[in-house]
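> Following is a predicted model, sequence given first.
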Amino acid sequence: MNEPILLSTKPAAAQFSKKVDNHCHALALCFVHYNFARIHKTLKVSPAMEAGVSDRLWDMTDIVALIDVAAPKAGRPATYKKANSN
């Protein structure tokens, strides 16, 4: 893995989520940005463009669009647990 990316994700004291899922999501965003939206210094293109995965440089709106598609729709749950009346 790329060391500068991992160094930038080191949490400061009490400024990070303690949920593993949130940490995994933050790392995924970091990796998507690094591979698709950032021009590599030596390649002069993004790593995804060099690998032939993408034909253009992405911007943050493209990444947000991916998140919006994958996010569950907001709304009421189908069922509720009834409160115990005893």
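Received the coordinates, thanks.

> okay, which residue is most central for the protein?
Leu29 (2.3 Å; C-alpha atoms, centre = their mean).

> measure that residue to Ile63 for me?
7 Å (C-beta to C-beta, to the nearest Å). Bear in mind the C-beta positions are built from the backbone N, C-alpha and C, glycine included.

> mind checking the SS state of the residue nearest to the centre of the chain?
Classification of Leu29 using DSSP: H, G, I helix; E, B strand; the rest coil returns helix.

> quick one, what contacts it?
Ile63 (C-beta atoms under 8 Å, 6 or more residues apart in numbering).

> now the one 4 residues further on
His33 makes contacts with 60, 63, as judged by C-beta under 8 Å, 6+ apart.

> Ser46: neighbouring residues, count only.
Ser46: 21 surrounding residues under other C-beta atoms under 10 Å.

> What separation do you get for the closest residue to Leu57 other than its chain neighbours and Asp55?
Leaving aside its chain neighbours, Leu57 sits nearest to Ser46 (5.6 Å; criterion: C-beta to C-beta, 6 or more residues apart in numbering). Distance, Ser46 to Asp55, using C-beta to C-beta: 10 Å.
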